[in-house]
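In: mind folding the following:
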Amino acid sequence: MPKAVVVRATGGPEVLEFGEVDAKSPGAGQLLVDVAAAGVNYIDTYHREGRYPLPLPFGIGLEGSGRVAAVGPDVSGFAVGDRVAWSSALGSYAEQALVSASDAVPVPDGVADDTAGALLLQGLTAHYLVASTYPVQSGETVLVHAAAGGVGLLLVQLAKARGARVIGTVSTEAKEALAREAGADEVIRYDQVEFAPVVRDLTGDEGVAAVYDGVGAATFDGSLASLRRRGYLVLFGGASGAVPPVDPQRLNQAGSVYLTRPSLGAYTATREELEWRAGELFAAVADGSLDIRIGGRYALADARKAHEDLEGRRTTGKLLLVP
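Out: Have a look, this model is predicted:
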């Protein structure tokens, strides 16, 4: 019988249970995939905690890569043995996963399994943030929080590729080095100073065109204070906790700024959009212009440790579970 990580009661990392599960068969429109690598993401912790409620019990994890083991009815374009990757198949912390064919994308020969498993969820997120939510323009300055994290390192690289000046925030010397290696022009240690006054100083008090904020509660006020007139606060996560309700008048007072809370599903709503974003990411990886940093590999049985390290901010880049 295949093994997987299951949540039977919501809570801390200790609720992650590893063990045997019933064998799966693909239904209509589905692929059964032998998982080569499963990505660990902050949204997984939200599911585990119950912040994003799911019916119990449930298999956890959304992202991965692997080879197609079986093809369900009404599936075209995929065959047994194909290498695929995905970003939205619940139950991906497993030896085998059921993946909707509409969510799977082929993995090019020039991209390794672990890279493919580490790329899509955070890569698609970084792509829509800089290409669509606030399309970065050459010569603009943007602020990226947690610039040495999984999404942060990709945001820095993609924003630089579009010609931006990038200011990053990090919490350690080692993370500062990683952010600079990814291309950040300026790096602020927000464990040492308040970042908003430094951002204002670095921009001649103008502020930045956009703030990409996946931290949430701890950075929101400073992010708002870092924006230029009519700038964009792109709040795409809440690693430090959810942001309390916001009085819209604050956006006026900050300079008629914009606040948006995007999600990946809204930016990959069509097959064409998914293939466009994934195609650009895979091409950038294959030609060496986009570096995917894998910060840790864990056995499936060690999913709890992976969550503890992620939430404890002891990691950089992307974490993988490897069956």
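
In: and stretch 189-206, how far from the chain's centre?
Out: Chain-centre distance of stretch 189-206: 25 Å, with CA atoms, centre = their mean, to the nearest Å.

In: in it, what's buried?
Out: Using 16 or more other CB atoms under 10 Å as the test for burial, stretch 189-206 gives 190, 195-196, 198-200, 202-203. Yep, even glycine has a C-beta here, placed from its N, CA and C like the rest.

In: widest-spaced pair of the residues you listed?
Out: The widest separation within the buried residues of stretch 189-206, taken as CB to CB, falls between 190 and 203 and amounts to 16.5 Å.

In: any chance of the buried residues of stretch 189-206 in TSV, plus distance to residue 183?
Out: Formatted as TSV, the buried residues of stretch 189-206 follow (distance: CB to CB, whole Å):
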residue	distance to residue 183
190	19
195	19
196	22
198	19
199	18
200	22
202	16
203	18
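
In: with distance to residue 2, secondary structure and pLDDT added, can I get those in a markdown table?
Out: As requested, these are exported to a markdown table (distance: CB to CB, whole Å; DSSP: H, G, I helix; E, B strand; the rest coil; pLDDT from 0 to 100):
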| residue | distance to residue 2 | secondary structure | pLDDT |
| --- | --- | --- | --- |
| 190 | 43 | coil | 91 |
| 195 | 46 | helix | 97 |
| 196 | 49 | helix | 97 |
| 198 | 50 | helix | 98 |
| 199 | 49 | helix | 98 |
| 200 | 54 | helix | 98 |
| 202 | 52 | helix | 98 |
| 203 | 53 | coil | 98 |
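
In: between the residues you listed, which is nearest residue 295?
Out: residue 190 (19.7 Å).

In: and the gap between the closest one and residue 5?
Out: According to CB to CB, to the nearest Å, residue 190 stands 33 Å off from residue 5.

In: also residue 56?
Out: Using CB to CB, residue 56 is found at 14 Å from residue 5.

In: likewise for residue 156?
Out: To residue 5, residue 156 is 31 Å away according to CB to CB.

In: now swap in residue 171 and tell me
Out: Taken as CB to CB, the span from residue 171 to residue 5 is 28 Å.

In: equivalent analysis for residue 55, please.
Out: Distance of residue 55 to residue 5, computed by CB to CB: 17 Å.

In: again, but for residue 222
Out: Computed with CB to CB, the distance linking residue 222 and residue 5 is 36 Å.

In: so which of these two has more stuff around it?
Out: Shown here are residue 222 and residue 5; by other CB atoms under 10 Å, residue 5 has more neighbours (27 against 21).

In: now that one: closest residue in space, sequence neighbours ignored.
Out: With CB to CB, 6 or more residues apart in numbering as the criterion, residue 5 has its nearest non-adjacent residue at 3.8 Å, and that residue is residue 93.
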